[in-house]
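Q: task: produce atomic coordinates for the following.
(chains A and B)
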2 protein chains.
Amino acid sequence: MELLEQRILKDGKVKEGNILKVDSFLNHQIDIALMNEMGREFFRLFRGEAITKIVTIEASGIAIAAIAAQYFHVPIVFAKKAKSKNIDGDVYTSVIRSYTHGNDYTAMLEKKFLTPQDRILILDDFLATGKAQLGLLDIARQAGAAVAGIGIAIEKGFQGGGDKLREAGYNLHSLAVIDRMDPEGIVFRHI
Amino acid sequence: MELLEQRILKDGKVKEGNILKVDSFLNHQIDIALMNEMGREFFRLFRGEAITKIVTIEASGIAIAAIAAQYFHVPIVFAKKAKSKNIDGDVYTSVIRSYTHGNDYTAMLEKKFLTPQDRILILDDFLATGKAQLGLLDIARQAGAAVAGIGIAIEKGFQGGGDKLREAGYNLHSLAVIDRMDPEGIVFRHI
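A: The predicted structure follows:
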């Protein structure tokens, strides 16, 4: 998606440890007009998939899921990352290794919000090694929900998680795929 | 806001410990159509305040902030709750006592995203004792940003945090204020 690639080139910053900081427009401060265009693009890509629910994981996936859901006219549900008094009993869980934070956490989603009748679209802001997405796929499998698509804002293609999901047969679209990056520049994949 | 009150009566569940579960439509699964009406109502309430930025805190405030921001045509910025590799250097912080989780956490917001030129609207899904809002107000004070308003989806009026903020002079509007609740019923405040 040209608009997103241009914005990454303009405002993204490559840091050591394969970190791409896009926190001025995507995941700390959020440019809602850009996000709206991204939501529209996800709808163009997945509109034929009879999506019943958009699934994401807190925190930075929530904005993109909420904005995109307006086009699909479906609810969103987000997996939570920590045990809270507000989560009771019947939850699906999956342990996820966080690349960003360097530790493990448990994603939880209440069973009543995902069923075998659902055809879900998984949306998230980043895909690197694919660990967060595998956690959501694991939860979808436990629920018996069909995964109709996976939509990602920025895929770090060089970390391989996206290609593994494509090889496994998932209908994955990333709005920007980075093949190489270093402090001097960012190279996008165009296929 | 009639639509929200009706939805709370229909789908909300009162649990022990003053917990109101609204996770089927507000903060786990999210009804985006309802959220859109809430965003429109926040715009009606605060449209005259020359808002430059909407500020919230992860995770459940993000969806409402993102949807509402579409009406104000401003960016959102959300305070983060934990140290991550993606947060560097220059951050405002404030320690917040979590009623829901029963522990303390540190809210962080990068300094470059909040300045004395900003007139902010703080949005969140819940207000109870007001601890989360006080943390965001503390961060706004450090940044020198003007707080033009505070918008809340559901205020638990009986816990007093909202009235304290009103007494302190803040322009606070809650879309639903609960004066009493128990498993048999919920009483809203209408003034």
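Q: alpha carbons only for contacts and neighbour counts from here, please
A: Will do.
Q: check whether the helix ranked longest in chain A comes near chain B.
A: Selection of the longest helix in chain A by residue count, based on DSSP state H, yields helix A:32-46. Yes: using Cα under 8 Å from any Cα of the partner chain as the criterion, contacts between helix A:32-46 and chain B involve A:Ile32, A:Ala33.
Q: how about residues contacting that helix?
A: Residues outside helix A:32-46 that contact it (Cα atoms under 8 Å, 6 or more residues apart in numbering or on different chains) are A:3-4, A:26, A:64-65, A:67-69, A:71-72, A:149, A:151, A:153, A:173, A:175, B:66, B:69-70, B:73-76.
Q: buried stuff in it?
A: Going by neighbour count (16 or more other Cα atoms under 10 Å in any protein chain shown), the buried part of helix A:32-46 is A:32-43, A:45-46.
Q: out of these, which is nearest to chain B?
A: Distances from chain B to the buried residues of helix A:32-46, taken as Cα to the nearest Cα, are shortest for A:Ile32 (5.8 Å).
Q: how far away is the closest one from A:Leu26?
A: For A:Ile32, the distance to A:Leu26 (Cα to Cα, to the nearest Å) stands at 9 Å.
Q: and what of A:Asn18?
A: In this view, A:Asn18 and A:Leu26 are 17 Å apart by Cα to Cα.
Q: the two: who's more crowded?
A: More crowded of A:Asn18 and A:Leu26, by other Cα atoms under 10 Å in any protein chain shown: A:Leu26, with 27 against 16.
Q: residues touching the more buried one, list them.
A: When contacts are taken as Cα under 8 Å, 6+ apart, A:Leu26 is in contact with A:Met35, A:Ser60, A:Asp125.
Q: and chain A, which residues reach chain B?
A: Where chain A comes near chain B, counting by Cα under 8 Å from any Cα, the residues are A:19, A:21, A:24, A:28-33, A:58-59, A:62-63, A:66-67, A:69-70, A:73-80, A:83-86, A:100-101, A:113.
Q: give the burial count for A:Thr52, as a bare number.
A: By the other Cα under 10 Å criterion, the neighbourhood of A:Thr52 contains 19 residues.
Q: now swap in A:Asp90 and tell me
A: Here the number of neighbours of A:Asp90 (other Cα under 10 Å) works out to 11.
Q: tell me where chain A has helices.
A: According to DSSP H, the helices that chain A contains are A:2-11, A:32-46, A:61-72, A:131-143, A:161-167.
Q: can you flag the buried ones in the contacts of helix A:32-46?
A: With burial judged by 16+ other Cα under 10 Å, the buried subset of the contacts of helix A:32-46 is A:4, A:26, A:64-65, A:67-69, A:71-72, A:149, A:151, A:153, A:173, A:175, B:66, B:69-70, B:74-76.
Q: buried residues in stretch A:183-191?
A: For stretch A:183-191, the buried set under the neighbour-count rule, 16+ other Cα under 10 Å, comprises A:Ile186, A:Phe188.
Q: using PDB, write out the CA atom coordinates for it.
A: Presented in PDB, the C-alpha positions along stretch A:183-191 are these (Å, rounded to 0.1, in the frame of the first residue of the first chain):
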ATOM      1  CA  PRO A 183      19.500   2.900   9.500                       C
ATOM      2  CA  GLU A 184      20.400   3.900   6.000                       C
ATOM      3  CA  GLY A 185      17.200   2.600   4.300                       C
ATOM      4  CA  ILE A 186      14.200   0.400   4.000                       C
ATOM      5  CA  VAL A 187      13.500  -1.900   1.000                       C
ATOM      6  CA  PHE A 188       9.900  -3.000   0.400                       C
ATOM      7  CA  ARG A 189       8.900  -6.200  -1.300                       C
ATOM      8  CA  HIS A 190       6.700  -5.700  -4.400                       C
ATOM      9  CA  ILE A 191       5.400  -8.900  -6.000                       C
END
